[in-house]
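Asker: Fold the stuff below for me.
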Amino acid sequence: MGTTTTPPLGQRLNFSSLEPNPPRPTQEETSVQGTGTTPMEFDNLQNPSDALGILARVAEEDTPAAAQDRPNFARLPDPPGLRASPYRLLADGKLSVNQIVQLIQRYRSLYHPYYPLAPPHVFDLSRLHEVAQKEPHLLTAILVIASKDLVEETHMYEICADHMKSMISDLAAGGPGDVDAVEALLLLAEWAPFTQRAQSGKVGKGEEDREAWNSSGLALRLAYFLGLEKYSFKVTDDGKDPQFSRKLLVWTACYIADRTISIRIGKAFWSRGPGPLTSLRRDHYPSLLPQTPNDEDYASIFQATLELTSLFSNVHDVLYSNVGTSFRSHLSGSYIKFIDDFRAASYSWNAVWGTLTCSPNLKAMLLMSYNYLRLYVNAFAFQATVRRVQSTLAEERTSATSPMIPQSPSRLFYNNVGAVGDARFIYEGLDAAKAILTTCNNFIDPEKALRFMPLRFFLYLVYSGVFLFRAKIVGVIEGEEERGIRRMIDETIDRLQRSSVGMQHLGSRYSQLLKLLWEKADNHKPPGRGRGSHVGHRNHFGDAAGLAHATPAASSQAGSGSMGESPMANNANVEGIGDFSWTDLNTIGEFAVSQGQLTGMDVFGGFLPLEVGNVWDMGPFEGGGEMTGMAF
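Answerer: Predicted structure coming up:
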């Protein structure tokens with residue numbers, strides 16, 4: 001991409017216009033194929049299933065012409081012919097052609113711009129009969145998503161959802177499915193429509209994660225079965241398959257969905273093979289390229305998203321993928337070089353893509369994704385600081401001459417954040433969380449844009465709010481900064497509520513979660529600081545110099561010493577806050593609606609993007625102390 005001179009940010013983004021741009025027509029109309037074997041598979045025989053595919057292809061070609069020359073909807077010249085379609089919703093009379101057309105147009109204008117995976121021919125109404133016959137999974141997924149926010153015609157969603165669920169059941173049971181089925185599952189993973197329209201409760205607890213995880217997993221397994229992993233790379237003979245570009249896009253989307261959803265909910269990746277090369281460029285996705293100067297450059301946005309996802313994956317593999325390594329890294333401080341490298345890589349991404357010219361809503365989505373990467377990276381150092389201090393607390397607790405000190409990540413930073421060894425990472429993590437909320441509060445219209453965005457952007461707001469909540473509880477933010485963040489949280493809660501169309505909508509449920517959580521924060525009283533209290537003041541830890549060798553964060557305990565409230569009284573105020581992870585929405589939700597303290601293993605887990613398992617049996621680690629207080 002060429003270098004262009006861009007105006008200031010406010011002028012370049014033009015946030016006064018928040019309507020999503022409709023997708024543009026494309027010059028490339030890829031033909032819709034059946035489930036037969038592609039020419040590429042003839043040249044790459046690797047297993048018995050490939051040979052079976054060839055035999056089926058030969059048998060089909062040997063079928064008499066009269067048997068193949070059946071009437072099909074491509075020959076029907078007018079919409080009334082579509083009423084005789086075998087597409088079940090039409091054949092059973094549950095939906096009319098006009099209703100289907102309206103839902104397709106609604107999806108195209110309101111949802112498609114945020115995740116432009118559906119190929120352009122799906123929106124060509126002259127080919128609707130063909131799509132209904134050959135791509136029923138994709139068509140039904142579009143209808144489900146387009147109808148999920150309808151208030152006055154809720155029966156349309158119920159009809160579409162029931163049909164989609166039956167189709168998914170058939171796929172899981174080994175029924176036929178082609179590329180359109182993979183696309184359909186990826187769309188469902190992005191919006192998770194079934195869960196948010198179910199009886200999920202008034203407070204969001206991450207219920208959508210199960211649906212997104214399962215949908216993306218089924219999509220990836222079906223993609224593997226169809227051999228789409230062969231399309232990870234651009235090859236010279238791609239012209240043999242007329243759907244090569246579409247399959248390349250779909251496989252890349254599978255990789256992105258697998259990485260983003262798995263990292264978000266703390267699960268291992270579904271995909272174990274090589275992902276798409278980051279050398280893939282916007283030109284490799286012709287269906288996303290703009291056709292006129294006024295069209296949205298979805299291809300560049302997709303490339304930016306792919307590169308950002310690769311960074312996420314690398315951060316996960318280096319910092320988070322192994323529980324034992326992460327614990328040791330927390331204690332020893334060996335992670336600092338890695339975090340510095342990832343910060344530099346994220347800055348490089350922002351230098352290239354931060355000036356991309358696109359519509360305000362898409363720009364805001366990119367910025368939120370970028371800042372969530374910053375939060376994901378720097379939160380590791382935040383947790384490491386907490387863990388090191390807790391290791392020291394455990395040692396002090398076992399000492400006969402030390403008072404009993406509660407094992408809580410409370411009061412670690414009060415009055416002394418700047419003295420913590422990882423202060424720069426902590427400050428950047430806070431900045432990233434605030435940037436996510438600010439982007440939503442200032443640049444995204446809740447009724448016209450946020451309401452229709454994919455699930456992950458709602459959750460980015462929740463994660464940021466929870467992270468700031470934890471930062472407040474351990475004393476990182478206070479005073480005027482705390483009051484400013486509280487106003488920011490209130491504005492985000494209001495916008496989430498305004499984005500909802502009912503009590504079951506994402507906006508309503510997660511606004512309630514943040515509201516209840518921060519009400520607990522408002523009831524929490526920070527520790528008192530008596531006269532003469534200062535950095536280096538002697539307290540129950542001993543002198544600050546004596547702790548410097550044990551932990552770079554231990555000196556942060558100085559200054560909250562014996563003057564004022566006692567340490568036991570201070571900690572008692574915070575014990576009810578809980579030691580949950582900032583990404584564990586289920587435990588966060590349970591804590592938010594509870595009246596007391598959460599106890600047991602339920603308060604741990606979810607911070608590390610991996611199934612933690614029985615880590616308590618792993619024993620002590622080098623660097624001192626038993627591992628306590630796993631989750632931040």
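
Asker: who's in contact with Met164?
Answerer: 140-141, 143-144, 184, 188 (C-beta atoms under 8 Å, 6 or more residues apart in numbering). The C-beta positions use only the backbone N, C-alpha and C, and glycine is treated the same way.

Asker: If any of those residues are buried, put those into a ChimeraX selection.
Answerer: Only the buried entries of the contacts of Met164 go into this ChimeraX selection, using 16 or more other C-beta atoms under 10 Å:
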select :140,141,143,144,184,188
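
Asker: Greatest separation within the contacts of Met164: which pair is it?
Answerer: Greatest spatial distance in the contacts of Met164: Leu143 and Leu188, 11.6 Å, computed using C-beta to C-beta.

Asker: Which parts of the stretch 401-550 of the chain are strands?
Answerer: Along the stretch 401-550 of the chain, no segments are classed as strands by DSSP state E, counting those that start in this stretch.

Asker: what's the domain layout of the protein?
Answerer: Each structural domain of the chain that the record assigns through automatic domain parsing is listed here as a residue range: 20-265, 322-618.

Asker: between these, which gets the lowest average pLDDT?
Answerer: Least confident of the domains of the chain, judged by mean pLDDT, is domain 322-618 with a mean of 72.

Asker: after the helix or strand hosting Leu90, next one along is what?
Answerer: Using DSSP states H and E, the secondary-structure element containing Leu90 is helix 88-91. Next in sequence after helix 88-91, counting helices and strands by DSSP H and E, comes helix 97-110.

Asker: what's whatever helix or strand comes next after that following helix packed up against?
Answerer: Of the helices and strands lying after helix 97-110 in sequence (DSSP H and E), the nearest is helix 128-134. Based on contacts counted as 3 or more C-beta pairs under 8 Å, 6 or more residues apart in numbering; DSSP states H and E, the elements that helix 128-134 packs against are helix 97-110, helix 136-147.

Asker: in the helix with the most length in the chain, what's buried?
Answerer: Looking only at the chain and at elements set by DSSP state H, the helix with the highest residue count is helix 360-398. Buried residues in helix 360-398, defined by neighbour count with 16+ other C-beta under 10 Å: 360-394, 396.

Asker: Pick the most buried one from the helices and strands packed on helix 128-134.
Answerer: Looking across the helices and strands packed on helix 128-134 with neighbours counted as mean count of other C-beta atoms under 10 Å, the highest average goes to helix 136-147: a mean of 26.

Asker: how big is the angle separating that helix from helix 97-110?
Answerer: Direction vectors for helix 136-147 and helix 97-110, defined by axes from the mean of the first three to the mean of the last three C-alpha atoms, to 10 degrees, enclose an angle of 70 degrees.

Asker: residues contacting Arg483?
Answerer: Not one residue lies near Arg483 by C-beta under 8 Å, 6+ apart.

Asker: Next one: Ser215 relative to Glu153, how far apart?
Answerer: Using C-beta to C-beta, to the nearest Å, Ser215 is found at 25 Å from Glu153.

Asker: Please read the previous query as pertaining to Leu220.
Answerer: 33 Å.

Asker: got it, and Trp213?
Answerer: In this structure, Trp213 lies at 30 Å from Glu153, with C-beta to C-beta as the measure.

Asker: between the helices and strands packed on helix 128-134, which gets nearest to Asp431?
Answerer: Across the helices and strands packed on helix 128-134, the minimum distance to Asp431, taken as C-beta to C-beta, is reached by helix 97-110, at 31.9 Å.

Asker: Just the buried positions in stretch 144-158, please.
Answerer: Along stretch 144-158, these residues count as buried under the neighbour rule (16+ other C-beta under 10 Å): 144-149, 156-157.

Asker: which pair in these spans the largest distance?
Answerer: Pairwise over the buried residues of stretch 144-158, using C-beta to C-beta, the maximum falls at Ile145 and Met156, 11.9 Å.

Asker: Please enumerate the helices of the stretch 401-550 of the chain.
Answerer: Chain-ordered helices for the stretch 401-550 of the chain, with DSSP state H, counting those that start in this stretch as the definition, fall at 423-443, 455-473, 479-498, 506-523, 544-547.

Asker: which residues are contacting the longest one?
Answerer: Around helix 423-443, the neighbours that count as contacts under C-beta under 8 Å, 6+ apart are 13, 15, 339, 343, 360, 363-364, 367-368, 371-372, 374-375, 378-382, 385, 413, 417, 420, 450, 457, 460-461, 463-465, 467-468, 471, 476-477, 485, 488-489, 491-492, 495.

Asker: angle of it against helix 455-473?
Answerer: Inter-element angle recorded for helix 423-443 and helix 455-473: 130 degrees (by the same axes, to 10 degrees).

Asker: Skipping its backbone neighbours, what lies nearest Ala379 in space?
Answerer: With C-beta to C-beta, 6 or more residues apart in numbering as the measure, Gly429 is the residue that lies nearest to Ala379, at 5.4 Å, once sequence neighbours are left out.

Asker: now do Tyr376
Answerer: Val315 (6.3 Å).

Asker: Quickly find the element holding the one you found.
Answerer: When the helices and strands are read off by DSSP H and E, the one containing Val315 is helix 298-315.

Asker: which ones are touching Gly354?
Answerer: The contact partners of Gly354, by C-beta under 8 Å, 6+ apart, come to 367, 370.

Asker: And it, how close does it get to Asp445?
Answerer: Counting by C-beta to C-beta, the separation of Gly354 from Asp445 is 22 Å.

Asker: follow-up on the earlier one: okay if I get the contacts of Met164 as CSV plus distance to Trp251?
Answerer: Shown next, in CSV, are the contacts of Met164 (distance: C-beta to C-beta, whole Å):
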residue, distance to Trp251
Thr140, 22
Ala141, 18
Leu143, 25
Val144, 23
Ala184, 15
Leu188, 17
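
Asker: so what does the helix or strand containing Lys337 touch, helix or strand wise?
Answerer: When secondary structure is defined using DSSP H and E, the element that contains Lys337 is helix 336-353. Identification of packing neighbours for helix 336-353 by 3+ C-beta pairs under 8 Å, 6+ apart yields helix 298-315, helix 360-398.

Asker: Pull out the CA atoms of it and give them to me as PDB.
Answerer: What follows is helix 336-353, C-alpha atoms only, in PDB (Å, rounded to 0.1, in the frame of the first residue of the first chain):
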ATOM      1  CA  ILE A 336      10.300  -8.600  30.600                       C
ATOM      2  CA  LYS A 337      12.200  -9.100  27.400                       C
ATOM      3  CA  PHE A 338       9.300 -10.900  25.800                       C
ATOM      4  CA  ILE A 339       6.800  -8.200  26.800                       C
ATOM      5  CA  ASP A 340       9.200  -5.500  25.400                       C
ATOM      6  CA  ASP A 341       9.400  -7.300  22.100                       C
ATOM      7  CA  PHE A 342       5.700  -7.800  21.800                       C
ATOM      8  CA  ARG A 343       5.100  -4.100  22.700                       C
ATOM      9  CA  ALA A 344       7.500  -3.100  19.900                       C
ATOM     10  CA  ALA A 345       5.700  -5.500  17.500                       C
ATOM     11  CA  SER A 346       2.300  -4.000  18.400                       C
ATOM     12  CA  TYR A 347       3.600  -0.500  17.900                       C
ATOM     13  CA  SER A 348       4.900  -1.500  14.400                       C
ATOM     14  CA  TRP A 349       1.400  -2.800  13.600                       C
ATOM     15  CA  ASN A 350      -0.200   0.400  14.700                       C
ATOM     16  CA  ALA A 351       2.300   2.400  12.700                       C
ATOM     17  CA  VAL A 352       1.200   0.600   9.500                       C
ATOM     18  CA  TRP A 353      -2.500   0.100  10.100                       C
END
